[in-house]
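>>> sequence unknown, structure follows:
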């Protein structure tokens with residue numbers, strides 16, 4: 001039996017290595033119908049491309065059948081089928097291994113040493129809550145989700161800007177978004193001096209009121225032609241508000257907040273080379289943020305070289321006129337719908353019952369977050385729950401965002417993965433719970449099965465709780 005945490009990724013890697021050099025040929029099954037007979041499949045078409053007439057050499061067949069290695073799940077059998085090479089794991093052994101070391105599958109391990117530093121910038125949080133658009137709300141929820149996922153993997157995250165509007169702070173608390181509030185303002189004096197130096201003493205008579213100067217960014221865009229900046233960017237009008245934004249970013253990079261860096265708290269110049277700045281913006285803010293990114297590089301030779309942009313697309317959902325509703329109006333709409341649905345289910349006006357207040361608040365926020373961060377999927381099985389949910393959960397979390405190997409300006413982030421995973425898991429669990437009698441009759445020969453099923457439910461619960469925590473949602477005991 002393998003030692004350490006079993007992993008789908010490690011098993012797939014070992015399977016493909018056993019086949020020999022070339023493109024991967026194995027994939028993990030997910031559909032309940034296929035999981036009745038197999039867990040992994042190497043399709044016939046892939047085998048035909050790799051081997052003459054699709055005939056797998058005996059040495060390869062033996063290597064796959066006897067697969068071993070760190071994190072590799074034990075193989076029961078491997079057999080040729082009309083669909084391709086079919087492989088089934090030793091399911092009882094996998095169950096025993098996973099359920100006997102539950103914490104290592106449901107909770108990300110704490111890293112032994114401090115991880116990379118990330119400044120996560122969400123410009124939408126400079127708005128007043130009353131004017132926050134739905135596309136900006138989506139950016140806020142994405143940013144909050146990223147903070148939780150990155151920190152779960154040991155990344156040190158500093159969130160900017162600090163929220164100054166008390167109404168926005170209250171609204172974020174309703175949404176269960178954890179974000180710092182303003183403690184002090186930052187000085188723009190140094191940046192203003194840089195702006196004046198770049199102007200070389202020249203002044204334009206046609207500058208709008210409040211504009212300090214117009215700086216050319218065209219040369220920077222051309223220098224970074226392959227990075228993904230909009231080629232139409234030409235000039236940037238520099239105002240005090242723009243300098244204030246850059247000053248906040250400078251402060252976050254150079255003076256890491258207390259507890260965010262292994263050295264002395266707030267130490268200047270904690271190091272910009274190991275810091276990644278991620279700008280999470282709505283699609284309407286994307287162009288302006290590219291300008292600010294370039295302006296920062298122009299004015300500050302110590303600006304981080306690693307800056308990534310995560311652009312959140314427009315919000316489109318049935319029954320909601322996205323261009324007309326503000327974020328608070330949208331929250332009130334979903335809250336009213338949750339209360340109405342509960343009244344239909346339980347009878348009476350439970351919205352006035354203090355015991356249900358928090359439940360309705362959480363359900364409203366959960367509805368909004370799942371709408372904003374996912375699209376609806378579908379599907380259904382004990383093995384299916386373990387193989388599709390518990391076993392690959394931590395691998396899925398690590399795929400949500402990757403800081404390494406992302407060329408260009410934009411960073412790929414899969415916020416929908418956790419939402420889809422939790423929706424699918426809830427459907428699979430509901431189907432299983434409705435079909436399987438967990439607490440059997442009190443007969444000694446059934447105790448082993450009953451305890452194993454209870455342990456599986458515990459594993460599913462832990463995965464649920466961890467997944468919800470990545471969305472800033474607490475679990476509910478009833479709805």
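Everything's here; your move. Nothing here was measured: the structure is a model prediction, and the numbers come from that model.
>>> sketch out the low-pLDDT regions of the stretch 351-479 of the chain for me.
351-353, 374-380, 404-405, 434-449, 478-479 (pLDDT under 70).
>>> help me confirm that residue 307 is found in a helix?
No - assessed by DSSP: H, G, I helix; E, B strand; the rest coil, residue 307 does not belong to a helix; its assignment is strand.
>>> so who does it touch?
Contacts for residue 307 (C-beta atoms under 8 Å, 6 or more residues apart in numbering) come out as 276-279, 293, 409. Just so you know, the C-beta spots here come from the backbone N, C-alpha and C atoms, and that holds for glycine as well.
>>> let's see it at 10 Å
The neighbours of residue 307, taking C-beta atoms under 10 Å, 6 or more residues apart in numbering as the test, are 119, 121, 227, 249, 275-279, 289-290, 293-294, 296-297, 409, 411.
>>> can you check residue 400 too?
By C-beta under 10 Å, 6+ apart, the neighbours of residue 400 are 145-146, 148-150, 152-153, 413-418, 421, 470.
>>> now do it against residue 23, distance only.
25 Å (C-beta to C-beta, to the nearest Å).
>>> with residue 313 instead?
To residue 23, residue 313 is 31 Å away according to C-beta to C-beta.
>>> what segments of the stretch 101-250 of the chain are strands?
Counting by DSSP state E, counting those that start in this stretch, the stretch 101-250 of the chain has strands at residues 117-121, 156-160, 211-216, 235-239.
>>> of those, which is nearest residue 381?
strand 156-160 (37.1 Å; C-beta to C-beta).
>>> which ones among the contacts of residue 307 lie within strands?
119, 121, 275-279 (DSSP state E).
>>> before we move on, back to that, if any of the contacts of residue 307 are buried, give me the PyMOL selection for them.
Buried residues within the contacts of residue 307, by 16 or more other C-beta atoms under 10 Å, are selected in PyMOL with:
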select buried, resi 119+121+227+249+275+276+277+278+279+289+290+293+294+296+297+409+411
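>>> could you chop the chain up by domain?
Domain segmentation of the chain under automatic domain parsing yields 8-89, 117-312, 333-402+412-469.
>>> any idea how far apart the tips of the longest one sit?
It refers to domain 117-312. Chord length of domain 117-312, first to last residue, is 22 Å (C-alpha to C-alpha, to the nearest Å).
>>> what's the answer for the first one, then?
Distance between the two ends of domain 8-89: 11 Å, counting by C-alpha to C-alpha.
>>> pLDDT averaged over that domain, what's the number?
Across domain 8-89, pLDDT averages out at 88.
>>> all helices for the stretch 201-350 of the chain, in order.
218-223, 240-254, 286-299, 327-346 (DSSP state H, counting those that start in this stretch).
>>> using CSV, lay out these together with distance to residue 129 and mean pLDDT.
Converted to CSV, those look like this (distance: least, C-beta to C-beta, whole Å; pLDDT from 0 to 100):
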stretch, distance to residue 129, mean pLDDT
helix 218-223, 34, 85
helix 240-254, 19, 88
helix 286-299, 20, 90
helix 327-346, 6, 85
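>>> wait, which of those is closest to residue 166?
helix 327-346 (13.8 Å).
>>> what's the distance between residue 411 and residue 171?
Distance from residue 411 to residue 171, by C-beta to C-beta: 27 Å.
>>> residue 25 too?
Distance from residue 25 to residue 171, by C-beta to C-beta: 50 Å.
>>> list the buried ones in stretch 401-418?
Buried positions in stretch 401-418, judged by neighbour count with 16+ other C-beta under 10 Å: 401, 403, 409, 411, 413, 415-418.
>>> which members of the residues you listed are the farthest-apart pair?
Maximum pairwise distance among the buried residues of stretch 401-418 (C-beta to C-beta): 24.8 Å, between 409 and 418.
>>> where does the prediction get shaky in the stretch 151-300 of the chain?
Residue ranges of the stretch 151-300 of the chain with pLDDT under 70: 183-185, 200-205, 225-226, 257-273.
>>> switch the cut-off to 50
By pLDDT under 50, the low-scoring segments of the stretch 151-300 of the chain are 259-270.
>>> could you pick out the longest helix of this protein?
What stands out as the longest helix in the chain, according to DSSP state H, is helix 444-469.
>>> how about that one: buried residues?
For helix 444-469, the neighbour count (16+ other C-beta under 10 Å) marks 450, 453, 455-457, 459-460, 462-464, 466-468 as buried.
>>> so which strand or helix has residue 360?
helix 354-373 (DSSP states H and E).
>>> packing partners of that helix?
Packing partners of helix 354-373 (3 or more C-beta pairs under 10 Å, 6 or more residues apart in numbering; DSSP states H and E): helix 134-152, helix 166-174, helix 327-346, helix 416-435, helix 444-469.
>>> and the ones you listed: which comes nearest residue 198?
helix 134-152 (30.2 Å).
>>> I'd say residue 38 and residue 87 touch.
Yes - contact criterion C-beta atoms under 10 Å: residue 38 and residue 87 qualify, at 6.3 Å.
>>> identify the contacts common to the two.
What both residue 38 and residue 87 touch, as defined by C-beta under 10 Å, 6+ apart, is the set 29, 77-79.
>>> any chance of these in TSV, plus neighbour count?
Shown next, in TSV, are the shared contacts of residue 38 and residue 87 (neighbours: other C-beta atoms under 10 Å):
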residue	neighbour count
29	20
77	11
78	22
79	12
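>>> of those, closest to residue 255?
Residue 255 has its nearest neighbour among the shared contacts of residue 38 and residue 87 in residue 29, at 50.3 Å by C-beta to C-beta.
>>> run through the residues that contact the closest one.
35-41, 86-88, 384, 387-388.
>>> one more time with 6 Å, if that's ok
35, 38-39 (C-beta atoms under 6 Å, 6 or more residues apart in numbering).
>>> one more: residue 142?
Residues near residue 142 by C-beta under 6 Å, 6+ apart: 280, 312, 415.
>>> try 7 Å
Residues in contact with residue 142 (C-beta atoms under 7 Å, 6 or more residues apart in numbering) are 280, 310, 312, 373, 415.
>>> where does it land on pLDDT?
91.
>>> restricted to helices, list the contacts of residue 29.
Short answer: the contacts of residue 29 in helices (DSSP H) are residue 35.
>>> make CSV out of the contacts of residue 29 and add distance to residue 354 and neighbour count.
Formatted as CSV, those follow (distance: C-beta to C-beta, whole Å; neighbours: other C-beta atoms under 10 Å):
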residue, distance to residue 354, neighbour count
35, 45, 19
38, 52, 19
39, 49, 22
